[in-house]
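Colleague: Below is the structure, and that's it, no one-letter string:
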């Protein structure tokens with residue numbers, strides 16, 4: 001499981017609202033198997049302090065994930081991945097979660113006038129230097 005400190009990569013400069021970034025990152029971590037049933041998420045306070053964001057933003061994201069059935073609230077522990085959640089088994093399911101980020105990157109490449117082959121090469125370089133979560 002990723003450390004609580006490294007769990008979220010919040011980027012306030014993006015057009016995606018911060019609460020959506022948290023929701024989507026948890027969805028991807030569960031689908032990819034980095035977070036499994038019973039794994040604890042960092043508290044609202046810890047996430048808010050670590051990323052200098054409003055605690056209500058984190059609380060909103062956690063509440064949406066709870067309503068979706070991905071997280072459950074445990075007394076004395078906080079938010080944990082729901083016991084019945086299974087990682088996405090098919091690559092296609094995980095690729096579906098990646099699609100919005102790829103669409104954004106493709107749009108930005110087009111706006112910058114970057115050719116598809118150059119954008120693919122850049123993506124490949126980023127993939128190669130991105131550490132895998134253990």
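Modeller: Yep, that arrived. No experiment lies behind these values; they were computed from the predicted model shown.

Colleague: going forward, measure contacts between C-alpha atoms and count neighbours the same way
Modeller: Noted.

Colleague: What is the neighbour count of residue 72?
Modeller: Using other C-alpha atoms under 10 Å, residue 72 is surrounded by 21 other residues.

Colleague: Secondary structure class of it, three-state.
Modeller: The three-state assignment at residue 72 reads strand, by DSSP: H, G, I helix; E, B strand; the rest coil.

Colleague: residues touching it, list them.
Modeller: Residue 72 is in contact with 66, 79-82, counting by C-alpha atoms under 8 Å, 6 or more residues apart in numbering.

Colleague: and what of residue 66?
Modeller: Residue 66 makes contact with 72-73, according to C-alpha under 8 Å, 6+ apart.

Colleague: Against residue 130, how distant is it?
Modeller: Distance, residue 66 to residue 130, using C-alpha to C-alpha, to the nearest Å: 30 Å.

Colleague: same deal with residue 113?
Modeller: On the measure of C-alpha to C-alpha, residue 113 and residue 130 end up 25 Å apart.
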